[in-house]
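Colleague: from the sequence below, what's the structure:
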Amino acid sequence: MEEHHFKCPYCWEDISMLLDLSLHTEEYIEDCEVCCNPIQIQYATANSTLMRFDANSIEQ
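Modeller: Numbers count the residues shown, from 1 in each chain. You can find the predicted model right below:
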């Protein structure tokens, strides 16, 4: 597990979450710990290194 910091796509506050770098790709929805809006989290790893991370609003 590795802590990763990013800005919420809704309230722009800095937040962090633990990422499981043993997974090659992951995609899920998690609520912002500040504003409680749902964030779509997507990330990819290679050799236990974070290669890509996206945190997007789910509004269309």
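Colleague: what's the neighbour count on Asn56?
Modeller: Look at Asn56: counted by other C-beta atoms under 10 Å, it has 10 neighbours. All C-beta spots, glycine's among them, are computed from the backbone N, C-alpha and C.
Colleague: ok, it touching Gln40?
Modeller: Yes. The criterion here is C-beta atoms under 8 Å, and Asn56 meets it with Gln40 at 4.8 Å.
Colleague: tell me the centre residue of this protein?
Modeller: Ile41 (4.1 Å; C-alpha atoms, centre = their mean).
Colleague: is it bridged to anything, and to what?
Modeller: Counting by DSSP bridges, Ile41 forms beta bridges with Tyr28, Ala55.
Colleague: need the per-residue pLDDT for it.
Modeller: At Ile41, the pLDDT value in this model is 97.
Colleague: low-scoring pLDDT stretches of this protein, where are they?
Modeller: 60 (pLDDT under 70).
Colleague: hey, where'd the strands end up in it?
Modeller: 2-7, 14-19, 25-31, 38-46, 49-57 (DSSP state E).
Colleague: what's the most buried one of those?
Modeller: strand 38-46 (a mean of 16; mean count of other C-beta atoms under 10 Å).
Colleague: what helices or strands is that one leaning on?
Modeller: strand 25-31, strand 49-57 (3 or more C-beta pairs under 8 Å, 6 or more residues apart in numbering; DSSP states H and E).
Colleague: list of residues touching the first one?
Modeller: With contacts defined as C-beta atoms under 8 Å, 6 or more residues apart in numbering, strand 25-31 is touched by 17, 19-20, 37-45, 58.
Colleague: may I have it exported as PDB, CA atoms only?
Modeller: The C-alpha trace of strand 25-31 is given here as PDB (Å, rounded to 0.1, in the frame of the first residue of the first chain):
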ATOM      1  CA  THR A  25      -5.100  -1.700 -12.800                       C
ATOM      2  CA  GLU A  26      -7.900  -0.600 -10.500                       C
ATOM      3  CA  GLU A  27     -11.100   1.400 -11.000                       C
ATOM      4  CA  TYR A  28     -13.700   2.300  -8.400                       C
ATOM      5  CA  ILE A  29     -15.800   5.100  -6.900                       C
ATOM      6  CA  GLU A  30     -14.800   6.700  -3.600                       C
ATOM      7  CA  ASP A  31     -16.300   9.700  -1.800                       C
END
